[in-house]
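Colleague: mind looking at a prediction? Sequence and model below.
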Amino acid sequence: MTTQWTRYVAVGDSITEGFCDPVIELSALGPDTPWRGWADRLAIILDGNARLSGTGIEFANLAVRSRRIDDVVDEQIPVAIDLGADLVSVMVGGNDLMRPAADPDALASRLESGIAALRASGATVLLANCFDPQFALFLRPFRGRAAVFNANVWSIARAHGVSVLDLWGIREFQSSSMWAADRVHLSSAGHRLLAVRAAHVLGVPYAEIAARLPLNIRTAEADSQPGEQVPLPTWLRRYAIPWAVRMMRGVTAGDGLSPKLPDPSPIRVRP
């Protein structure tokens, strides 16, 4: 029997924020929520499953683009605990591993302290590892770091009794159709697949069917065409160079931004 959670809180960076999974009608998930994303889609699936038993869930999404492990452990996880979450998804590490002097073992140790705090609060934890970066030529040099980090994630999961959302093992993510034009964020199709796989890990039956239900909310799929391949000069000008400039200046795309759904709220999307 599937566990019935009452309050799901998502923490992490831009992938969990839902970047590149745009929403046209913003009111369904709350005001000022231009991105949906896999965690929001998972919340909808979990709420639909809970309603089969006459209950529902509340959902908060604390993820913000460009956030790193320290941000999640020091800021987002304590808030999730204070909010009384009984289910927390944790997906973070990609921004850390791309830093020049990244130490995947030290990063995993830092992450473990946050996972331990969540488990001490009694929350169920869904812990994601890293995507296999061989899908993108410019990310392949980080593959060794990602593999070491992921090995640590499995050890953390065993030590603390948490479930792993195995991003590395989802081979569909090697397809360009799963990625947006910037080649580092999921397309709407990728977010949809990830939500279903997360629901499977959590034991939700018939997750694929739930994910296909009409949700009375339109997404701007045309703005996030799966597998859109922009020419290399355009990609460099539009995505790579601005990212490199921000890195050199010590700023991020998420500076000054707040979570899109900071307060746990009932899911208002209904089939």
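Modeller: It's in. Bear in mind that the values here come from a model prediction, so they are computed numbers and not experimental data. Numbering: from 1, shown residues only.
Colleague: and the helices in the protein?
Modeller: 14-17, 38-51, 69-71, 77-82, 94-97, 104-120, 143-160, 188-201, 207-212, 232-235, 241-249 (DSSP state H).
Colleague: I'd like the ones you listed as a markdown table, with distance to Met178 appended.
Modeller: Quick note: C-beta positions are derived from backbone N, CA and C, even for glycine. Converted to a markdown table, these look like this (distance: least, Cβ to Cβ, whole Å):
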| stretch | distance to Met178 |
| --- | --- |
| helix 14-17 | 12 |
| helix 38-51 | 11 |
| helix 69-71 | 24 |
| helix 77-82 | 27 |
| helix 94-97 | 15 |
| helix 104-120 | 24 |
| helix 143-160 | 17 |
| helix 188-201 | 4 |
| helix 207-212 | 15 |
| helix 232-235 | 17 |
| helix 241-249 | 20 |
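Colleague: looking at the ones you listed, which one is packed in the most?
Modeller: Greatest average neighbour count among the helices of the chain goes to helix 14-17 (a mean of 27), per mean count of other Cβ atoms under 10 Å.
Colleague: state the mean pLDDT of that helix.
Modeller: Mean pLDDT, helix 14-17: 94.
Colleague: could you list the residues in contact with that helix?
Modeller: Under the criterion Cβ atoms under 8 Å, 6 or more residues apart in numbering, residues 10, 35, 37-39, 61, 63-67, 89, 91, 94, 185-186, 253-254, 260 lie in contact with helix 14-17.
Colleague: now those: which count as buried?
Modeller: For the contacts of helix 14-17, a neighbour count by 16 or more other Cβ atoms under 10 Å gives the buried set as 10, 35, 37-39, 61, 63-67, 89, 91, 94, 185-186, 254, 260.
Colleague: among these, name the ones in strands.
Modeller: Judged by DSSP state E, those include 10, 61, 89, 91 as members of strands.
Colleague: out of the helices of the chain, nearest to Trp5?
Modeller: helix 38-51 (6.7 Å; Cβ to Cβ).
Colleague: what's the average pLDDT for the closest one?
Modeller: The average pLDDT within helix 38-51 is 91.
Colleague: rewinding a little: would you list the ones in strands among the buried ones among the contacts of helix 14-17 in CSV and tack on distance to Pro78?
Modeller: Formatted as CSV, these follow (distance: Cβ to Cβ, whole Å):
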residue, distance to Pro78
Ala10, 15
Asn61, 16
Ser89, 16
Met91, 17
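Colleague: spatially, which two of those are the most separated?
Modeller: Across these, the longest distance by Cβ to Cβ is 11.4 Å; it joins Asn61 and Met91.
Colleague: any common contacting residues for the two?
Modeller: Here Asn61 and Met91 have 10, 16 as joint contacts, going by Cβ under 8 Å, 6+ apart.
Colleague: related to what we said a few turns ago, so which of the helices of the chain gets nearest Ser265?
Modeller: Going by Cβ to Cβ, the one of those nearest Ser265 is helix 38-51, 9.8 Å.
Colleague: so how far is that closest one off the chain centroid?
Modeller: Helix 38-51 sits 14 Å away from the centroid of its parent chain (Cα atoms, centre = their mean, to the nearest Å).
Colleague: now for it, which elements pack on it?
Modeller: Judged by 3 or more Cβ pairs under 8 Å, 6 or more residues apart in numbering; DSSP states H and E, the packing partners of helix 38-51 are strand 7-12, helix 14-17, strand 58-61, strand 87-91, helix 188-201, helix 207-212.
Colleague: I'd like the ones you listed laid out as a markdown table, including distance to Pro104.
Modeller: Converted to a markdown table, the helices and strands packed on helix 38-51 look like this (distance: least, Cβ to Cβ, whole Å):
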| stretch | distance to Pro104 |
| --- | --- |
| strand 7-12 | 17 |
| helix 14-17 | 18 |
| strand 58-61 | 26 |
| strand 87-91 | 16 |
| helix 188-201 | 22 |
| helix 207-212 | 31 |
